[in-house]
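> Attaching a predicted model along with its sequence, questions to come.
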Amino acid sequence: MKPIFKILFITLILLLNIDKIFAQNNSELNYSYEEIEKKIEESHHSKESLWKWINIYIYKSKQNKDEEALLYAYRLASNYSSKPINLKYADSTLIIAKKQNSKKLLSYAYLNRGTLYMDDEKYRKALDDILLANKYSDELGDDYTFNKTNYYIAQNKIYLGLYEDANNELKNCVEYFKSNSNSNDPLGKSYSMYYLYSMMSYLDTNTKIGKQDENKALIDEVLKYIKNNKLEQYTPYFISIEGTDAFYKKDYKTAIEKLTQSLTSYNDQWSHNTDIYYLGLSFWHVGRKKVAIKYLEEIDNVYNKTKKLDPNFRTAYEILIKYNDSIGNTAKQLEYINKLMALDKSYEKNYKYLYTRINKEYDNQKLIDEKNKIEKSLKTQKITNIFLFFVSIAIIGLIVLRYKKLQKTYKARFEEILAQNQTKKVEHKIDEEKVIAIKSTDKKADEEILVNNEISAEQTFDYNFYNKIPGLNPIFVENILNQLEKFENDNKFLDTQISQRLLSENLSTNATYLSKIINIYKGKTFNIYINDLRLDYIIEFLKNDVKYLNMDVKELARLSGFSNTENFSDNFQRKFKIKPSYFIKMMKENLNSNP
């Protein structure tokens, strides 16, 4: 056995027998699983502290014989381990899930191993596992895991250059994880982290499809979220995205500033090839070729160490080939050509498999699911439409009945108003006849009548009638009522500026006394008293002069002293129990039927 494998084997044995190491440490075992996960998250900058808490998590899970918690612990261990130990932990999670025969745990385990395969650029194996996790979580209705699998499927689509499709997937992921990220994350779930991950990729695809202008508001939103939730370790990633956006806008100066700032701000164990790559390209575009080559050679150094490289970085090799050609370094030029060909070959090999699987087993299944949803929706909609049809018929029937009833009511009110008009005409005619009879007598008789009337008035003064308001002199009340009668006869109520205060001053009294007199003797408040006088005034014109029937409501309101149309219409309907427009319509119909 080679020394390196011996070391790895021993390390694995130690980690898998961690219960013996921590048996003596009980104080930290009192932490809940959620608290331990929080400690792990807070220890990302310290490998020693990180593994201390992961091992406590494993030990506590084993002691409690909690298989689900142990799966979560192994999952975290796999995420922070180096190859091949990380896959050993991932396989352990799968063993637990299969042992429990739980679709929920199987979806977690397959997704975990799939993400590790992705990190190792084993895209075929990764997609197989992720699609299984997607299938299980969809069957269970586990929205959290389902959206996580969609996030990783979107990463595959980004790898394939399907940025539009990935963008749509990621938008849904962002919305889901954001809507759940304000609550404390339950055991085994990281809404906040995947909200930030999804947002990073969503912003990146926005950039790739030319929607950089949408990113500024989103970045401001997510930076505020980071600050409020004390997740500052993620800030450099979004500064990096600002730098990438600047690069695509050809603002290379800003790109260099932002990408340099992000590179010097990271506080984690990951390499940040994207920042290095775009810094190299930015320096190349501003003419600082030697600086650019240093950064792009760093991309090549990563490839030399890992034999893995994102195909999006192929431009780095194109520039390195071009540069070494310009300086006559044919050996380096040939080296970079061979690496670029190997990169393209690997990508072409992965592309065919990944594209086929995503289309056949994921996107096609999504289409089938969508088809089933639509068919189910159409069936439901058909039933709903039938129900709505009958409900609509019933509603229309009720509306028609209500309309007919309303028309009948309005017609009755209209006839009452006309009948009142005829009564007033008869009364007016009788009054005119009395006047004529009086005028036909001689002067002496007339003087005698006047004298007798004065005597009669003095003898018939109704004290009790004018003494209805305590504290007010009956003669004073009579005087105010006489002045109100003159006010009515002179149509002074048509003044739009008339008010209780103004009228009381004109009648040489105060507003309180005037209000009491109108309330008792007119049976109305001041406003209703004035408005009723105006309405009685205008309705006489409507009943007796055709030209008023051809005026619009606004003009009628103005002529009757109302300040606005709405006030006129509301008061007209209050007093006459019919809308002015209906009254006018019926008056016209009445005139046409009785020419």
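In hand now; what should we look at? Please read all numbers here as calculations on a predicted model, not as lab measurements. Numbers count the residues shown, from 1 in each chain.
> what comes up buried for whichever strand or helix holds residue 220?
Using DSSP states H and E, residue 220 sits in helix 215-228. Neighbour counts over helix 215-228 (16 or more other CB atoms under 10 Å) mark 215, 218-219, 222-223, 225-226 as buried. For every residue, glycine as well, the C-beta is placed using N, CA and C.
> again, but for stretch 465-474
466, 469, 472, 474.
> Please state the offset of it from the chain centre?
Chain-centre distance of stretch 465-474: 65 Å, with CA atoms, centre = their mean, to the nearest Å.
> Endpoints of that stretch, how far apart?
8 Å (CA to CA, to the nearest Å).
> Give me the below-cutoff pLDDT ranges for this structure.
1-26, 182-184, 187-188, 347, 349-379, 403, 406-407, 420-460, 594-595 (pLDDT under 70).
> what about 50?
The chain contains residues with pLDDT under 50 at 1-10, 13-14, 20-24, 363-368, 370-371, 374, 425-443, 445-446, 449-451, 453-459.
> Now do the strands in it.
Using DSSP state E, no strands are assigned anywhere in the chain.
> Report how many residues lie close to residue 165.
17 (other CB atoms under 10 Å).
> Would you agree residue 89 is in contact with residue 74?
Yes. Counting by CB atoms under 8 Å, residue 89 touches residue 74, with 4.7 Å between them.
> mind listing the helices for the stretch 301-450 of the chain?
Using DSSP state H, counting those that start in this stretch, the helices of the stretch 301-450 of the chain run over residues 314-326, 330-357, 364-439, 443-459.
> re earlier: and the helix holding residue 220, what other elements does it pack with?
helix 191-208, helix 235-248 (3 or more CB pairs under 8 Å, 6 or more residues apart in numbering; DSSP states H and E).
> Now tell me what touches the shortest one from outside.
Residues outside helix 235-248 that contact it (CB atoms under 8 Å, 6 or more residues apart in numbering) are 196, 200, 203-204, 207, 212, 215, 219, 222-223, 226, 252, 254-259, 261-263, 265-266, 272, 274-275, 278-279, 281-282.
> now the first one
Outside of helix 191-208, the residues within contact range by CB under 8 Å, 6+ apart are 144, 147-148, 151, 154-155, 158, 163-164, 166-167, 170-171, 173-174, 177-178, 180-181, 183, 185, 212, 214-215, 218-219, 222, 225-226, 229, 231, 234, 237-238, 241, 244-245, 248.
> about what we covered before: which single one of the buried residues of helix 215-228 is nearest to residue 571?
Nearest to residue 571 among the buried residues of helix 215-228: residue 218, at 54.7 Å, using CB to CB.
> For the closest one, which residues are in contact?
Per CB under 8 Å, 6+ apart, neighbours of residue 218: 199, 202-203, 206.
> measure it to residue 57 for me?
34 Å (CB to CB, to the nearest Å).
> could you redo the contacts of residue 218 as a markdown table and give each row neighbour count?
Converted to a markdown table, these look like this (neighbours: other CB atoms under 10 Å):
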| residue | neighbour count |
| --- | --- |
| 199 | 25 |
| 202 | 28 |
| 203 | 28 |
| 206 | 21 |
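> out of those residues, which one sits closest to residue 508?
residue 199 (77.7 Å).
> can you tell me how far residue 143 sits from residue 196?
18 Å.
> residues in contact with the residue nearest to residue 93 when sequence neighbours are not counted?
Computed as CB to CB, 6 or more residues apart in numbering, the closest residue to residue 93 that is not its neighbour in sequence is residue 109, at 4.2 Å. By CB under 8 Å, 6+ apart, the contact list for residue 109 reads 71, 75, 90, 93-94, 96-97.
> again, but for residue 308
120-121, 302.
> do that again at 6 Å, thanks
Shown in contact with residue 308 (CB atoms under 6 Å, 6 or more residues apart in numbering): residue 121.
> how close does it sit to residue 136?
Using CB to CB, one obtains 28 Å as the distance from residue 308 to residue 136.
> Same question for residue 203.
Applying CB to CB, the value for residue 203 to residue 136 is 30 Å.
> what does residue 249 give?
Taking CB to CB, one finds residue 249 at 42 Å from residue 136.
> And the two? Which one has more around it.
residue 136 (24 against 13).
> so who does the more buried one touch?
Counted by CB under 6 Å, 6+ apart, residue 136 has contacts 103, 106-107.
> Not counting residues beside it along the chain, what's closest to it?
residue 107 (3.7 Å).
> What does residue 328 show for phi and psi?
Residue 328 has phi and psi values of phi 80, psi 20 when expressed as degrees, to the nearest 10.
> Can you list which of the contacts of residue 109 are found in helices?
71, 75, 90, 93-94, 96-97 (DSSP state H).
> Show me how to select, in ChimeraX, the buried members of those.
Only the buried entries of the ones in helices among the contacts of residue 109 go into this ChimeraX selection, using 16+ other CB under 10 Å:
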select :71,75,90,93,94,96,97
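> which one of the ones in helices among the contacts of residue 109 sits closest to residue 345?
Of all the ones in helices among the contacts of residue 109, residue 90 has the smallest distance to residue 345: 27.9 Å, by CB to CB.
> which non-adjacent residue is nearest that closest one?
Nearest non-adjacent residue to residue 90 (CB to CB, 6+ apart): residue 113, at 4.1 Å.
> and the closest residue to residue 172 other than its chain neighbours, how many neighbours?
Leaving aside its sequence neighbours, residue 172 sits nearest to residue 150 (CB to CB, 6+ apart; 6.8 Å). Residue 150: 23 surrounding residues under other CB under 10 Å.
> Make sure residue 150 is actually in contact with residue 168.
No. Residue 150 lies out of contact with residue 168 (CB atoms under 6 Å); the separation is 10.1 Å.
> shared neighbours of those two, anything?
By CB under 6 Å, 6+ apart, no residue touches both residue 150 and residue 168.
> Next, the distance between the ends of stretch 32-51.
End-to-end for stretch 32-51, by CA to CA: 17 Å.
> what sits up against that stretch?
By CB under 6 Å, 6+ apart, stretch 32-51 touches 53, 57, 69, 76, 187, 267-268.
> Give the buried residues for it.
33, 36-37, 39-41, 43, 50-51.
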